[in-house]
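Trainee: Sequence and predicted structure, then a few things I'm wondering about:
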Amino acid sequence: MAIPLEDNYDDVLLKAFQGLKLKPADVAARTNLDVGAITRVLAGDFDETVVRQLAPVLGLGTEALIALGRRAYAPHVSPPDGMRGFSTPYHDFFVNAYLLWDESTKQAVIFDTGSDGEALLEAVRDRGLQVELLLITHAHPDHVMGLDFLRKSTGARAFVSSREPLAGAESLAAGETFQVGELTIKPLPTSGHSVGGTSYFVTGLSKPVVVVGDALFAASMGRGNVSYPDALANNRREIFTLPDETVIAPGHGPLTSVGLEKRHNPFYPELA
């Protein structure tokens, strides 16, 4: 079953409002819109005319945002051989974890854990893999609930940003890279959603992959809980400079690619 987009157009608008520290009245003063019209759109009552006026004020790409409102966009990206994603429930939403491996050596790495590591472990056993590493994008509970279980079950070392200490995980060293069989893994600093947010750029499969946690979603991004400007800037610098064919593996929602997000992510209109 296809994983739906994590965010709708109204989620994108709300994240931009919050990130820019704006209220509907602030935006009404800059447009011909009244507060009621803005409030209705933010509540999910899609009005294309209103959204077209809101997008440029919020620094969002108009056409990409309209496509979300019309439910006219969804990425269709398949994982390369040697990669599998796992979506597990957490409260009223789903969270992703990923297993990547080198088929020639059967060495593997797990990225995040989701809310339940059982399916991950079953896939490891079915394929006869040896998990060498557990790499954490950020330490929010939904992404690390299975850490103790998977660490003890596999014997693998776990790593996380030194800015987000986590029991059972070692701190990433500055400039550190990892080698797992033929896979080369480079940590990328993508804080903003979380204080130590880290993405992982993986080469060695048929396509490069970047596991981004909540730094970026298909046609959206994580909330700028720590710093909205930093979240935007770090994604531009670290993720959008990767090759267009790079598969983006987000913490929520479906796989996408760097090329697709340049064209369809409302938060980055300058890249379209």
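Mentor: Happy to help now that I have it.

Trainee: just how off-centre is stretch 34-47 within its chain?
Mentor: 27 Å (Cα atoms, centre = their mean, to the nearest Å).

Trainee: Kindly apply the preceding question to stretch 217-228 instead.
Mentor: Averaged over its C-alpha atoms, stretch 217-228 has a centre that lies 8 Å from its chain's centre (Cα atoms, centre = their mean).

Trainee: any idea of the mean pLDDT in it?
Mentor: Regarding stretch 217-228, the rounded mean pLDDT is 98.

Trainee: Then stretch 136-152?
Mentor: Mean predicted lDDT for stretch 136-152 stands at 97.

Trainee: Start and end of that stretch, how far apart?
Mentor: Across stretch 136-152, the terminal residues are separated by 16 Å (Cα to Cα, to the nearest Å).

Trainee: Next: stretch 196-206.
Mentor: 29 Å.

Trainee: Is L68 in a helix, a strand, or coil?
Mentor: With DSSP: H, G, I helix; E, B strand; the rest coil as the basis, L68 sits in helix.

Trainee: And the pLDDT for it?
Mentor: 98.

Trainee: cool, and the one 3 residues further on?
Mentor: At R71 the predicted local confidence, pLDDT, stands at 96.

Trainee: Can you get me a residue count around it?
Mentor: For R71, the count of nearby residues is 12 (other Cβ atoms under 10 Å). C-beta here means a position set from N, CA and C on the backbone, and glycine is covered the same way.

Trainee: Just confirm V131 contacts K106, I think it does.
Mentor: No. Applying Cβ atoms under 8 Å as the test, V131 and K106 come out as separate, 10.0 Å apart.

Trainee: Tell me which of these two has more neighbours.
Mentor: A side-by-side neighbour count of V131 and K106, using other Cβ under 10 Å, places V131 first with 22 against 13.

Trainee: Now for N225: which residues touch it?
Mentor: 192-194 (Cβ atoms under 8 Å, 6 or more residues apart in numbering).

Trainee: Now do it against A37, distance only.
Mentor: Distance, N225 to A37, using Cβ to Cβ, to the nearest Å: 28 Å.

Trainee: Is it correct that R157 is in contact with I136?
Mentor: No. With contact defined as Cβ under 8 Å, R157 does not count as touching I136 (11.5 Å).

Trainee: who has more neighbours, these two?
Mentor: I136 (26 against 15).

Trainee: For the more buried one, give me its contacts.
Mentor: 111-113, 143-144, 147, 158-161, 164, 166, 169, 198.

Trainee: sorry, back to before: give me the subset of the contacts of N225 lying in strands.
Mentor: The members of the contacts of N225 all map outside strands under DSSP state E.

Trainee: which one of these has the most neighbours?
Mentor: Neighbour-wise, the contacts of N225 (other Cβ under 10 Å) top out at H193, 27 neighbours.

Trainee: was I right about that one contacting H138?
Mentor: Yes. Here H193 reaches H138: they are 7.0 Å apart, a contact under Cβ under 8 Å.
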